[in-house]
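**Student:** when you get a sec, could you give me coordinates for this:
(12 chains)
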Protein chains: 12
Amino acid sequence: MQKKILVIHGPNLNLLGVREPETYGTQTLDDINNEIVDLGRRLELDVDVFQSNHEGEIINKIQEVRGRYQGLILNAAAYTHTSIAIRDAVVLIDVPVVEVHLSNIYKRESFRHQSLLADVVIGQITGFGGRGYLLGLHAMCALV
Amino acid sequence: MQKKILVIHGPNLNLLGVREPETYGTQTLDDINNEIVDLGRRLELDVDVFQSNHEGEIINKIQEVRGRYQGLILNAAAYTHTSIAIRDAVVLIDVPVVEVHLSNIYKRESFRHQSLLADVVIGQITGFGGRGYLLGLHAMCALV
Amino acid sequence: MQKKILVIHGPNLNLLGVREPETYGTQTLDDINNEIVDLGRRLELDVDVFQSNHEGEIINKIQEVRGRYQGLILNAAAYTHTSIAIRDAVVLIDVPVVEVHLSNIYKRESFRHQSLLADVVIGQITGFGGRGYLLGLHAMCALV
Amino acid sequence: MQKKILVIHGPNLNLLGVREPETYGTQTLDDINNEIVDLGRRLELDVDVFQSNHEGEIINKIQEVRGRYQGLILNAAAYTHTSIAIRDAVVLIDVPVVEVHLSNIYKRESFRHQSLLADVVIGQITGFGGRGYLLGLHAMCALV
Amino acid sequence: MQKKILVIHGPNLNLLGVREPETYGTQTLDDINNEIVDLGRRLELDVDVFQSNHEGEIINKIQEVRGRYQGLILNAAAYTHTSIAIRDAVVLIDVPVVEVHLSNIYKRESFRHQSLLADVVIGQITGFGGRGYLLGLHAMCALV
Amino acid sequence: MQKKILVIHGPNLNLLGVREPETYGTQTLDDINNEIVDLGRRLELDVDVFQSNHEGEIINKIQEVRGRYQGLILNAAAYTHTSIAIRDAVVLIDVPVVEVHLSNIYKRESFRHQSLLADVVIGQITGFGGRGYLLGLHAMCALV
Amino acid sequence: MQKKILVIHGPNLNLLGVREPETYGTQTLDDINNEIVDLGRRLELDVDVFQSNHEGEIINKIQEVRGRYQGLILNAAAYTHTSIAIRDAVVLIDVPVVEVHLSNIYKRESFRHQSLLADVVIGQITGFGGRGYLLGLHAMCALV
Amino acid sequence: MQKKILVIHGPNLNLLGVREPETYGTQTLDDINNEIVDLGRRLELDVDVFQSNHEGEIINKIQEVRGRYQGLILNAAAYTHTSIAIRDAVVLIDVPVVEVHLSNIYKRESFRHQSLLADVVIGQITGFGGRGYLLGLHAMCALV
Amino acid sequence: MQKKILVIHGPNLNLLGVREPETYGTQTLDDINNEIVDLGRRLELDVDVFQSNHEGEIINKIQEVRGRYQGLILNAAAYTHTSIAIRDAVVLIDVPVVEVHLSNIYKRESFRHQSLLADVVIGQITGFGGRGYLLGLHAMCALV
Amino acid sequence: MQKKILVIHGPNLNLLGVREPETYGTQTLDDINNEIVDLGRRLELDVDVFQSNHEGEIINKIQEVRGRYQGLILNAAAYTHTSIAIRDAVVLIDVPVVEVHLSNIYKRESFRHQSLLADVVIGQITGFGGRGYLLGLHAMCALV
Amino acid sequence: MQKKILVIHGPNLNLLGVREPETYGTQTLDDINNEIVDLGRRLELDVDVFQSNHEGEIINKIQEVRGRYQGLILNAAAYTHTSIAIRDAVVLIDVPVVEVHLSNIYKRESFRHQSLLADVVIGQITGFGGRGYLLGLHAMCALV
Amino acid sequence: MQKKILVIHGPNLNLLGVREPETYGTQTLDDINNEIVDLGRRLELDVDVFQSNHEGEIINKIQEVRGRYQGLILNAAAYTHTSIAIRDAVVLIDVPVVEVHLSNIYKRESFRHQSLLADVVIGQITGFGGRGYLLGLHAMCALV
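**Tutor:** Coordinates of the predicted model:
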């Protein structure tokens, strides 16, 4: 049976393509989601996507991973740096989690250099734009 | 007339019993809530319980304490360490607040050692598992 | 055509007038909103007001500014000091943003001395109570 | 056979009741000790109490716990924040230790916010005045 | 009788208009002073202006406020961040003081992010250029 | 014509497979290099590999990238955290650089959490073991 | 009736005169005590002196001040920088306390620059050798 | 021949008696100067006094000590904490310098806890109000 | 005549062999003392041993070294990291002092990484268990 | 036409030759100024010199550079480390500025290690005594 | 069969005896090596010595320990404080490592107080000059 | 006889002219070396130049200065900020050392603001490009 993978996009990523194009490029979130699902199909992974600006909804969604998905690709965006609650939710689930960031967070403000998730996920991919999710799917292949 | 006490459980506590049992034990949140209500009855306190993963809902619930409850037992979980907004809500209400943590937060990651609530509540009980709420009720007895 | 301005009030400001009157005065949020709308009328600005205790709802509301409003007056209250996600939303919109605080945040706890918004807004007005919004509207006049 | 519990009061606690009554209340140490022994009797615990202003005597007393007592309730007062030697003694004994503080140490000077004992005890109870010892006995009941 | 307000401009502000126009605009200090006096007239405030590059002269001038003026608008420029002596002088006088900064100090070097005056004035207005003084006068109206 | 890619392995990576297998797995450096060259062939990239324990040799090798290679995949290992000289060499070359780490550096000692290279490369891939190089090649495909 | 003053000398001061004469001079503690008692007589103060190397004994002695002495001159020596327990004892007594140091503590190791007593005593006299006690007695004259 | 002593009062001390009487008492600077000169006469010291709000004038005055005075009593007030230039001037002169502060600087804002002068003077007297200068004169007696 | 050496064991070392055997081994303090005295005999050193849990007693004992012993081997245990008073006593005596620690203090809690004694002794031996004292005696041989 | 260069000497430099000769040598400021003017003549630069102990006068003098001089050599002495106002003045003028220090500031107190001017001048010359100004003139030659 | 021990001397130790004799004594490295080999013979250990100024060569040499030596005595000199790469090499080998320093590193510059090796070796011997290596051999005897 | 001076260029300086021309200009290292040797000739100094990317080779070269050269001009580039080993080598030689940096290191990343060499050299020249070496030679003239 096909493995199921969830991809979660954090706050403000719904505006991708309109937001600071010099930093994030012109792809919209729909463009990226299409590429993700396409690659998923080629890798024989069944991929769902989810976006929210609410910390609580992201926590709820991560909790749902338990028993329904075999892997989670998580771009918590700004919450990466402030949410211990999302970290706690990640620790709760027992599937591999891959952290993705579109921009190179180490080139940006110093408060973005520290991730509260980095030490509770399998690995981190940062700086490759929307392509980062695709690399994350490749990584997930070997993990699930 | 019986005093009314509200117990608020913060993010991820809905998964108690499944979450890191070596840290939190195997009691579910329902088990704990039953024990809380039972002890409340014996202490002649009318206890309500509430859980949410949303910071905003917890703030709303704390605001509702005004005029409806005579005391609040608050385990804000991960929000304890990051939410000035919950702290502000606690300051707004004029009833005694007791802070409870299941695990000994001083044995865990350093970012859990500081509570943004500790200096605006009456007192703190930490490290006694689900039993901490019961100690909190005992403490509340003398305060309300 | 009249310029449209949005005023956002952050968490716990719904309890203005009841909350620490020695710090914030006895004006309720409705009183302040009435004054804001009145002054807006005199300055020929069409002003909408919004309050929420949810970080996610505030982010959603800020995102709606794009294309609908010509200016934003933002009092993010406690979220000012903790929310990178709200900061990211502010950066996303292309209209002038004025940051307002009722109390003089530099007279309060040290964790309120730093604003995550201050360097991405036009300017900051702090310490003048509800009157701060009115000064913000005056400032907005010259900016839109 | 009845369990034996030792309660240790640290430096300056011999002056309880005369010391900063607005912070610690008017109970004397004798009053508190009587309440402790009484509750112990009701909980079928055999409780001894001890007070000293000498770090070395407190260390000696903690070492005596080994083989003689089944639990230790420890209010090391000022030594909580400065004595690695007392911490080392606590680690040496193999019975549960509960840390108690009369005042809410998080409302006081910043050098009282950190406890050198917190991460080597079972749990901490702080801010409930002399009643904190009684809550500690309740907690001890379940531990021994 | 008309209220008297003093406006003090700190070091290097005498070169406004020639100094980093991309940061401070092209208005000269005379232009700004004219606008201040004009608005003062409309608000029925009698406004004096003063500029100096000398910390000592600014201290002397602030001391003169006592008994002569009903309010002080103070832009201490670079001294804002280094002069405890000016802070002490501000504390000495018993009239409302409003702190103004032309540029958004939070967008500049980190040593400009902290004001030694902020917690001893009524409020702070920052980032609105020369217009900041006018907002300060509006604020002063309600204070004197 | 085929693009040429250089892969540099830093100090102690020559002992891969014998070094802390619980952290790095049992693959030897030769195993990994074979996988890298294989994937390169499939992606139509001509890949060279290099390992050294000498900071100076790594700097020399990076300088050689200029004019000879179209991309660099760099795992500077321990030098990642201490070598400004390697950082300077990376800045000197005008081809995309991808930073790879075998282990999740955020789960290890705190002095490994900061990379002196992270803000001068395109992106970083960390935590996926030898597979990280393969993800780096995938990423490089889109960059050269 | 004559006022009674207690002078407490902390650890290692019993070796004055032999200890680092280039720092502390060649006066022995007896020499200094004689000068103190002599000046006390001239100022009509009844002075007792006490020395101990034990933190606990110093605490006990400070507690005895209550009801027996009208003033305390305290040179806690090394304990000045480490003993919160002595600080707590000082706060407990309700007579003026003057802090004295023989050497200029600000010319010595950085860990001697901070006194845990300084903000709970009336004032501090430092750097004048044995003569510092005599200045302390002069100061005490005006305080008792 | 009589020794000559200079007493320098720093910024804002000209307003003593009107400035924060709860902190500094009701003595004016003239009152204090009279007491200083009187005690000087009794101790057979010829005392001059000087006050300025200008850092540069204080530096000039300290430089004049060379060859004209045998001792300097210096209360640099706010400049104590910010002026390396005054420190440099103190180092230049070859007579004993005694540092005096009226209030207990360790009970005030943390930026007043560090003196840039403390390690280049003989000793420091702090917290005894205007009487501190008199203690300084007593100390000076033994030094000149 | 034979040289006399004193060996001082600090707090909690009386429980060696029972205390955390995985860290300190199963040797008791008596076992170690026997080995020390034996080796002393072979090296023609007359060795005395002393243990105390009291900081004050350790200070007294160190003071006794003056004139009685030609060398001191000091394991101050927990007081190593907190006692400036013991440091002061070490500075007072004029014989070589060798610092010994049983465990490798750099593998333990961060507050054990800094020794207040290290820069006032001849040298430090750490991590070799009870054998460290014997190495200290060897070192002492060449020093006395 | 000859280029005009201004050399500014900061506080206490008027006492050069008398001040800490072991640090600054025995040259007086006049000696140094003569050497500067002489070398200026040889390099065909018209050099003016200026010294002041007043921060405000130095600011005024720097402002005068605009339109009158083609280069500024600035030794702000102690103000280097404390004066943001002088830094602001330096930024205001549009000619090259060279920072000179007589002593090697990195061998002195840590508060002299940081210059508030260093990042707004062309370059810095430190540690060569009075000869540093001559090196500064050589450097200026190539800049104007 | 005899155990083989390697002794590695780090950078600049080749100049021992000429380098700061007041700190390191007048023994040359050859003198010390002779003493080491001699003592080795007496202890029936076969000792090799090695010195290099190159970090990379030291890493290579440490890697060679695997399978060839039963123990390593390592004085990494300056690299002790900066080389994570040497630390990683130490972790790679599976024989006991003893860290030696000639001078008491805690009496020197603060950047020498922290060793990157200390928590991955068995123990550390510091401050006994060339004799430290001999103590290290004694320690090694019991370890191999 | 002519004095001999060595000039050492650190890592990546071999690429001068190609490396970030906006920061370092277009001069190649050969161009600069020619200018250095030329000026040396005019100043009657015999100058050798050396460049390496290897920390160890630079240490070796500095050690060779002893007995062969009368002065060293050192631009350690990136190693300036990380190499205690080079610092140690500088301390070993007994000739004057002048530190040169091409760019103004205080305008660059914060980790370049601190030099590990600055307090062990005679003086530092920074920010004047290749011309800095020539100023260094001028300075050396007066030192050798």
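**Student:** could you use CA atoms for every contact and neighbour count after this?
**Tutor:** OK.
**Student:** what's the neighbour count on the residue of chain A found nearest chain K?
**Tutor:** Using CA to the nearest CA, A:Asp119 is the residue of chain A that sits closest to chain K, at 20.2 Å. By the criterion of other CA atoms under 10 Å in any protein chain shown, A:Asp119 has 17 neighbours.
**Student:** average pLDDT for stretch A:119-130, rounded please.
**Tutor:** Stretch A:119-130 carries an average pLDDT of 97.
**Student:** that one vs chain F: in contact?
**Tutor:** Yes. Using CA under 8 Å from any CA of the partner chain, stretch A:119-130 reaches chain F at A:119-120, A:122-128.
**Student:** quick one, strands of chain A?
**Tutor:** A:3-9, A:45-51, A:71-75, A:97-101, A:123-126 (DSSP state E).
**Student:** hmm, who's touching stretch A:93-100?
**Tutor:** Stretch A:93-100 has contacts (CA atoms under 8 Å, 6 or more residues apart in numbering or on different chains) with A:62-63, A:65-66, A:69-75, A:90, A:117-118, A:121-126, A:132-133, A:136, A:140, A:143-144.
**Student:** need the strands of chain A in JSON lines with mean neighbour count, can you?
**Tutor:** JSON lines is the format used below for the strands of chain A (neighbours: other CA atoms under 10 Å in any protein chain shown):
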{"stretch": "strand A:3-9", "mean neighbour count": "22"}
{"stretch": "strand A:45-51", "mean neighbour count": "18"}
{"stretch": "strand A:71-75", "mean neighbour count": "25"}
{"stretch": "strand A:97-101", "mean neighbour count": "27"}
{"stretch": "strand A:123-126", "mean neighbour count": "28"}
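**Student:** so how far is chain L from A:Asn60?
**Tutor:** 41 Å (CA to the nearest CA, to the nearest Å).
**Student:** kindly report the same for A:Leu39.
**Tutor:** Counting by CA to the nearest CA, the gap from A:Leu39 to chain L is 40 Å.
**Student:** A:Val121 now?
**Tutor:** To chain L, A:Val121 is 30 Å away according to CA to the nearest CA.
**Student:** and the closest residue to that residue other than its chain neighbours, what pLDDT?
**Tutor:** Leaving aside its sequence neighbours, A:Val121 sits nearest to A:Val97 (CA to CA, 6 or more residues apart in numbering or on different chains; 5.2 Å). Here the pLDDT value assigned to A:Val97 is 98.
**Student:** bridging residues for the closest residue to A:Gln51 other than its chain neighbours?
**Tutor:** Nearest non-adjacent residue to A:Gln51, counting by CA to CA, 6+ apart: A:His9, 4.6 Å away. Beta bridges link A:His9 to A:Gln51, A:Asn75 when assigned by DSSP bridges.
**Student:** just give me the neighbour total for A:Val90.
**Tutor:** 22.
**Student:** for chain I, see how far away it is.
**Tutor:** Taking CA to the nearest CA, one finds A:Val90 at 28 Å from chain I.
**Student:** ok, that residue touching A:Val120?
**Tutor:** Yes. Assessed by CA atoms under 8 Å, A:Val90 is found in contact with A:Val120 at 7.3 Å.
**Student:** show me the helices in chain A, by range?
**Tutor:** A:21-24, A:29-42, A:55-64, A:84-92, A:131-143 (DSSP state H).
**Student:** tabulate those (JSON lines), appending distance to B:Asp48.
**Tutor:** JSON lines is the format used below for those (distance: least, CA to CA, whole Å):
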{"stretch": "helix A:21-24", "distance to B:Asp48": "47"}
{"stretch": "helix A:29-42", "distance to B:Asp48": "42"}
{"stretch": "helix A:55-64", "distance to B:Asp48": "22"}
{"stretch": "helix A:84-92", "distance to B:Asp48": "23"}
{"stretch": "helix A:131-143", "distance to B:Asp48": "43"}
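**Student:** farthest pair in the residues of stretch A:119-130 next to chain F?
**Tutor:** A:Val120 and A:Phe128 (21.4 Å; CA to CA).
**Student:** who has more neighbours out of the two?
**Tutor:** Higher neighbour count among A:Val120 and A:Phe128: A:Phe128, with 25 against 18, using other CA under 10 Å.
**Student:** residues in contact with the more buried one?
**Tutor:** Counting by CA under 8 Å, 6+ apart, A:Phe128 makes contact with A:101-104, F:122-123, F:139.
**Student:** where does chain A have its least confident helix or strand?
**Tutor:** Ranked by mean pLDDT, DSSP states H and E, the weakest helix or strand in chain A is helix A:21-24, scoring a mean of 70.
**Student:** go ahead and flag the most central residue of chain A.
**Tutor:** A:Leu74 (2.4 Å; CA atoms, centre = their mean).
**Student:** my guess is that residue contacts A:Pro11. True?
**Tutor:** No. With contact defined as CA under 8 Å, A:Leu74 does not reach A:Pro11; the gap is 11.8 Å.
**Student:** distance check, A:Glu22 against A:Gly129.
**Tutor:** Using CA to CA, to the nearest Å, A:Glu22 is found at 11 Å from A:Gly129.
**Student:** more crowded one of these two?
**Tutor:** Shown here are A:Glu22 and A:Gly129; by other CA under 10 Å, A:Gly129 has more neighbours (20 against 8).
**Student:** isn't A:Leu135 right up against F:Ala139?
**Tutor:** Yes. Taking contacts as CA under 8 Å, A:Leu135 lies within contact range of F:Ala139: 7.3 Å.
**Student:** ok, the two, which is more surrounded?
**Tutor:** Legend: neighbour count by other CA under 10 Å for A:Leu135 and F:Ala139, higher for A:Leu135 (24 against 21).
**Student:** remind me which residues of chain A are low pLDDT?
**Tutor:** A:19-20, A:23-24 (pLDDT under 70).
**Student:** if we go to 80?
**Tutor:** Chain A contains residues with pLDDT under 80 at A:1, A:18-25.
**Student:** just want the residue of it that's nearest chain C.
**Tutor:** Taking CA to the nearest CA, chain A has A:His54 as its residue nearest chain C, at 4.1 Å.
**Student:** check contacts around A:Lys4.
**Tutor:** A:45-48, A:68-71.
**Student:** now with 10 Å, please.
**Tutor:** A:Lys4 makes contact with A:40, A:44-48, A:65, A:68-72, A:144, according to CA atoms under 10 Å, 6 or more residues apart in numbering or on different chains.
**Student:** what about A:His54, neighbour count?
**Tutor:** Per other CA under 10 Å, the neighbour tally for A:His54 reads 23.
**Student:** ok, the closest residue to it other than its chain neighbours to H:Gly129 distance?
**Tutor:** Nearest residue to A:His54, sequence neighbours excluded (CA to CA, 6+ apart): C:Gly56, at 4.1 Å. Going from C:Gly56 to H:Gly129 by CA to CA gives 55 Å.
**Student:** then A:Gly17?
**Tutor:** When A:Gly17 is compared with H:Gly129 (using CA to CA), they lie 66 Å apart.
**Student:** mind listing the shared neighbours of A:Leu135 and F:Ala139?
**Tutor:** Counting by CA under 10 Å, 6+ apart, the contacts common to A:Leu135 and F:Ala139 are A:128, F:125.
**Student:** now the phi/psi pair for the closest residue in space to A:Val18 that isn't next to it in sequence, please.
**Tutor:** Excluding its sequence neighbours, the residue lying closest to A:Val18 (CA to CA, 6+ apart) is A:Thr26, at 6.9 Å. Main-chain torsions, A:Thr26, degrees, to the nearest 10: phi -100, psi 0.
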